[in-house]
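Peer 1: give me a model of this one.
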Amino acid sequence: MPRRYPAEVRHQVIELARSGTKVAQLAETFGMSDATIYNWLTQEKIDRGEIDGLSTA
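Peer 2: Coordinates of the predicted model:
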């Protein structure tokens with residue numbers, strides 16, 4: 001079963017990634033996979049309307 005992370009962690013990781021921190025470094029620091037972070041970043045772009053897709057809302 002996939003691991004769940006608190007919303008605060010997700011927001012922190014997304015903001016750090018958007019500010020230029022490398023995904024591999026974030027994955028190691030927070031103990032998660034690169035794929036998790038890339039999925040979060042993709043969903044964030046969808047939610048912001050930057051790319052097409054099904055929004056969280």
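Peer 1: spatially central residue for this protein, please.
Peer 2: Centroid-nearest residue in the chain, with CA atoms, centre = their mean: W40, separated by 2.9 Å.
Peer 1: ranges for the helices of this protein?
Peer 2: 7-18, 23-30, 34-48 (DSSP state H).
Peer 1: now the last one: buried residues?
Peer 2: In other words, helix 34-48. T36, I37, W40, Q43, E44 (16 or more other CB atoms under 10 Å). The C-beta positions use only the backbone N, C-alpha and C, and glycine is treated the same way.
Peer 1: re the thing from before, in TSV: the helices of the chain, plus mean pLDDT and distance to S55.
Peer 2: Converted to TSV, the helices of the chain look like this (pLDDT from 0 to 100; distance: least, CB to CB, whole Å):
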stretch	mean pLDDT	distance to S55
helix 7-18	96	15
helix 23-30	97	22
helix 34-48	96	5
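Peer 1: let me have those helices in TSV, extended by distance to T56.
Peer 2: Putting the helices of the chain into TSV (distance: least, CB to CB, whole Å) gives the following:
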stretch	distance to T56
helix 7-18	11
helix 23-30	20
helix 34-48	5
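Peer 1: S33: what's it in contact with?
Peer 2: A27 (CB atoms under 8 Å, 6 or more residues apart in numbering).
Peer 1: circling back: A57 is nearest to which of the helices of the chain?
Peer 2: Closest approach to A57 among those is made by helix 34-48 (7.4 Å; CB to CB).
Peer 1: from the buried residues of helix 34-48, which is closest to G53?
Peer 2: Nearest to G53 among these, with distances taken as CB to CB, is Q43, at 7.8 Å.
Peer 1: now that closest one, nearest residue through space, not along the chain?
Peer 2: With CB to CB, 6 or more residues apart in numbering as the criterion, Q43 has its nearest non-adjacent residue at 6.5 Å, and that residue is T56.
Peer 1: do I have it right that the one you found meets T42?
Peer 2: No - look at T56 against T42 with CB atoms under 8 Å: they stay out of range, at 11.5 Å.
Peer 1: as a markdown table, the buried residues of helix 34-48 with distance to V13 would be great.
Peer 2: Output for the buried residues of helix 34-48, formatted as a markdown table (distance: CB to CB, whole Å):
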| residue | distance to V13 |
| --- | --- |
| T36 | 9 |
| I37 | 6 |
| W40 | 7 |
| Q43 | 12 |
| E44 | 10 |
